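J.: quick one: sequence plus predicted model below, questions after.
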Amino acid sequence: NLQKVLVGRRHRIAEMEASDNNKKDNKPKAAPKAQGQKKDVSGDKTKILPDKIKELPEWYAQTLLRAELIDYYDVSGCYILRPWSFSIWESIQAFFDAEIKKLGVQGAYFPLFVTEAALQQEENHVEGFAPEVAWVTRSGRSPLKKPIAIRPTSETIMYPAFAKWVRSHRDLPLKVNQWTNVVRWEFKRPTPFLRTREFLWQEGHTAFSNKKDADEEVHQILELYRRVYEEVLAVPVIKGQKSEKEKFPGGDYTTTVEAFIPEAGRAIQGATSHSLGQNFSKMFNIQFEDDQAQKAYAWQNSWGLTTRSIGVMILTHGDQKGLVLPPRVAPYQIVIVPIYYKDKDNTALSERAVEVQKKLTALGLRVFADLRENHNPGAKYNQWEMKGVPLRLDLGPKDMESNTIGYTRRDTGAKELGISYDVLGERMLALMDEIQANLLARARANRDARLAHISEWDKFIPALDAQNFVLAPWCNTTACEDEVKKKTAEHGEKLKEAERRKEERKNARKTKKTEKSAAEPTEPVGANPEGTKAEVEPAKAADVPAATENDEEEEFEMQTGAAKTLCIPFDKEFQKDTEGLKCFHCANPAKVFCLWGRSY
């Protein structure tokens, strides 16, 4: 190996260890050892991921790229969804679209653009979205007479059409849904799937002749969103109603499903179902003649689910090997890896792998046989683990002789050998359900462990700083909510300032150490006196986690930001009798139990 000679004061020689896992061998390479083992292997797609707990943002960014979920684009906040992630979105679409069609919802498509006049028609609505609206101001080199907005949502696009379509109570209910994209020019730091300037979603818009039917649908849709997260993505969520401050601009009330990411100590809104009341029907004159020949305004709802759901799933289930996909959304549920040998005829192994693939595919399973002979088994294992495939079947010469096959689970790493082909299909189908259920149960246990029940203000911020979310009795007033948000934001700024000062002290120590080192005699090139440590050239940040320096001070884990209400939960396990209880913050009589937390 060549040494890279660094000339200068106190520079030491570093020998870089070269590894080549693609080195061909007569014997097949063993699968990676126990889950969590930090072993560097060759190739960008197989190097160690950053620690998910300590370096979550970097873990997330590298996982998205190395699992081939996204690619970056030259417009900030916009990303390319590669086939692996788009297939997951298609699975979500297929489930939800089939369920809403059972409720009588029909598909439609409305234009991307909205006039300024239409957008301004509902004052509260446009005020809520104004900072995020992107405008088209030119056509070629010519300025437009009037700017045109790119939809941040479609109420103001759809409802003029609703006003033309609805004339009689016989025209109601009107239920439409579109799968489309929207643009919201976020000013916060873009994060793929979680916070992007363009994203994919479905938006449903409905109109009813009475409030009762409209309210019923709000909760029907919310239950479907719960099912998307829990039954499809294996992510536990909490159903509830948003506070008055957090509700949809221009709506009567907003219901939500909220998820929680323990490693981040942050909640994330999963999907929302809004009751719009008659606010928009009055603005857009959506009137109908009832069965008494009287004019009335329609009662309306809107509801939406976005590609953010994919990001929530990744953060919930991913581990140090990459993605962990629930079987119901995995593009491939099973991958078959034949154990090829060098300089041997592997035709029979390939044929058996294809035979198994066809057998399992016929049962409705999504199966891929990895027949690449230019990749050794270890490289294939790493790749499919990174991409989160729920089950791997290994097929070697001994399996051929015994007419059996073995598997490895992605969620637990558990293995089973010697499965007869007679029961293989039945076993694989059962394992799909087992893995799906295990992922949901594990995620729910992790989330519940971070739910803090408090009733006093002095315990609130420490609970948040410990990366929890909080259930507390609350007076349900906007003034109180504003005060909580203000105080927690101020606390967050203090934490940031403390971290900044700590960083300054650390840099000062580094500078002092460098100056002292520079004053010492220069070592000859290549020297490494006894008692000194050889320094290894640091790896690129894109490859491995940045090295951390030992510090006598306790490592400070940043957890800042204002807290807000997440939702007032509907489930009985979260709602208790507030009789005689006081608000945890202002000490006024409590009206509800509310979930609070920092959020994405």
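T.: Received the coordinates, thanks. Numbering: from 1, shown residues only.
J.: for residue 64, see how far away residue 598 is.
T.: 22 Å (C-beta to C-beta, to the nearest Å). In this view, the C-beta of every residue, glycine as well, is placed from N, C-alpha and C.
J.: the more surrounded of these two?
T.: Set residue 598 next to residue 64 and count neighbours by other C-beta atoms under 10 Å: residue 64 wins out with 25 against 22.
J.: give the contact list for the more buried one.
T.: 70, 192-193, 314 (C-beta atoms under 8 Å, 6 or more residues apart in numbering).
J.: closest to residue 91 among these?
T.: Nearest to residue 91 among these, counting by C-beta to C-beta, is residue 314 at 14.3 Å.
J.: so the closest one, which state does it fall into?
T.: Judged by DSSP: H, G, I helix; E, B strand; the rest coil, the three-state class of residue 314 is helix.
J.: about what we covered before: which ones among the contacts of residue 64 are found in helices?
T.: With DSSP state H as the criterion, helices contain residue 314 from among the contacts of residue 64.
J.: which ones among the contacts of residue 64 map onto strands?
T.: residue 70 (DSSP state E).
J.: got the contacts of residue 64 as a markdown table, with pLDDT, distance to residue 222 and neighbour count columns?
T.: Listed next are the contacts of residue 64 as a markdown table, based on pLDDT from 0 to 100; distance: C-beta to C-beta, whole Å; neighbours: other C-beta atoms under 10 Å:
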| residue | pLDDT | distance to residue 222 | neighbour count |
| --- | --- | --- | --- |
| 70 | 97 | 29 | 20 |
| 192 | 96 | 26 | 25 |
| 193 | 97 | 22 | 25 |
| 314 | 98 | 23 | 27 |
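J.: where does the prediction get shaky in the stretch 1-150 of the chain?
T.: Filtered on pLDDT under 70, the stretch 1-150 of the chain yields the residue ranges 1-46, 122-129.
J.: how many other residues sit next to residue 276?
T.: The number of residues packed near residue 276 is 27, by other C-beta under 10 Å.
J.: contacting residues around residue 240?
T.: So residue 240 contacts 255-256, 258, 566-570, 574, 595 (C-beta under 8 Å, 6+ apart).
J.: pretty sure it belongs to a helix, no?
T.: No: using three-state DSSP, the assignment for residue 240 is strand, not a helix.
J.: tell me how far it lies from residue 574.
T.: Taken as C-beta to C-beta, the span from residue 240 to residue 574 is 8 Å.
J.: kindly report the same for residue 313.
T.: Counting by C-beta to C-beta - residue 313 and residue 574 are separated by 23 Å.
J.: still on that earlier bit, list residues touching both of residue 240 and residue 574?
T.: residue 595.
J.: export the helix or strand hosting residue 381 to CSV, keeping only CA atoms.
T.: With elements taken from DSSP states H and E, the one containing residue 381 is helix 377-386. What follows is helix 377-386, C-alpha atoms only, in CSV (Å, rounded to 0.1, in the frame of the first residue of the first chain):
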residue,chain,number,x,y,z
PRO,A,377,-23.2,-13.1,-1.6
GLY,A,378,-22.0,-10.7,1.1
ALA,A,379,-22.4,-7.7,-1.2
LYS,A,380,-25.9,-8.9,-2.1
TYR,A,381,-26.8,-9.3,1.5
ASN,A,382,-25.6,-5.8,2.3
GLN,A,383,-27.5,-4.3,-0.6
TRP,A,384,-30.8,-6.0,0.2
GLU,A,385,-30.5,-5.3,3.9
MET,A,386,-29.9,-1.6,3.1
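J.: what is that helix packed up against?
T.: In terms of contacts (3 or more C-beta pairs under 8 Å, 6 or more residues apart in numbering; DSSP states H and E), helix 377-386 is packed against strand 334-338, strand 391-395.
J.: give the contact list for residue 111.
T.: By C-beta under 8 Å, 6+ apart, the contact set of residue 111 is 151, 157.
J.: surely it is in a helix?
T.: No: under three-state DSSP, residue 111 sits outside any helix and is assigned coil.
J.: so which of the helices and strands packed on helix 377-386 is the most packed in?
T.: Ranked by mean neighbour count, the helices and strands packed on helix 377-386 are led by strand 334-338 with a mean of 26 (mean count of other C-beta atoms under 10 Å).
J.: can you give me the helices in this structure?
T.: Going by DSSP H, the chain shows helices at 56-66, 83-102, 116-119, 123-129, 155-165, 211-227, 279-283, 308-317, 347-361, 377-386, 397-402, 421-448, 460-465, 478-519.
J.: residue 172 is nearest to which of those helices?
T.: Taking C-beta to C-beta, helix 211-227 is the member of the helices of the chain nearest to residue 172, at 8.7 Å.
J.: just checking, what packs against that closest one?
T.: Using 3+ C-beta pairs under 8 Å, 6+ apart, helix 211-227 is in contact with helix 83-102, strand 198-208, strand 238-241, strand 253-261, strand 266-277, strand 299-306.
J.: possible to save these as JSON lines with distance to residue 436?
T.: Output for these, formatted as JSON lines (distance: least, C-beta to C-beta, whole Å):
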{"stretch": "helix 83-102", "distance to residue 436": "12"}
{"stretch": "strand 198-208", "distance to residue 436": "23"}
{"stretch": "strand 238-241", "distance to residue 436": "20"}
{"stretch": "strand 253-261", "distance to residue 436": "17"}
{"stretch": "strand 266-277", "distance to residue 436": "18"}
{"stretch": "strand 299-306", "distance to residue 436": "20"}
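J.: looking at these, which is nearest to residue 171?
T.: Residue 171 lies closest to strand 198-208 among the helices and strands packed on helix 211-227, at 8.6 Å (C-beta to C-beta).
J.: show me what that closest one is packed up against.
T.: helix 83-102, helix 155-165, strand 174-183, helix 211-227, strand 299-306.
J.: quick one: distance of that strand to the chain centre.
T.: Here strand 198-208 is found 20 Å from its chain centre; the criterion is C-alpha atoms, centre = their mean, to the nearest Å.
J.: got the angle for it vs strand 299-306?
T.: Here the directions of strand 198-208 and strand 299-306 differ by 160 degrees (axes from the mean of the first three to the mean of the last three C-alpha atoms, to 10 degrees).
J.: turn the helices and strands packed on strand 198-208 into a markdown table, columns for mean neighbour count.
T.: Listed next are the helices and strands packed on strand 198-208 as a markdown table, based on neighbours: other C-beta atoms under 10 Å:
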| stretch | mean neighbour count |
| --- | --- |
| helix 83-102 | 17 |
| helix 155-165 | 20 |
| strand 174-183 | 18 |
| helix 211-227 | 18 |
| strand 299-306 | 25 |
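J.: tabulate those (CSV), appending distance to residue 276.
T.: Compiled in CSV, those are given as follows (distance: least, C-beta to C-beta, whole Å):
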stretch, distance to residue 276
helix 83-102, 18
helix 155-165, 8
strand 174-183, 13
helix 211-227, 8
strand 299-306, 4
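J.: looking at the ones you listed, which is closest to residue 450?
T.: Going by C-beta to C-beta, the one of the helices and strands packed on strand 198-208 nearest residue 450 is helix 211-227, 19.5 Å.
J.: angle of the closest one against strand 299-306?
T.: Counting by the same axes, to 10 degrees, helix 211-227 lies at 10 degrees to strand 299-306.
J.: helix 211-227 - what's its average pLDDT?
T.: Average pLDDT, helix 211-227: 98.
J.: sorry, back to before: nearest to residue 388, out of the helices and strands packed on helix 211-227?
T.: Of all those, helix 83-102 comes closest under C-beta to C-beta, at 8.9 Å.
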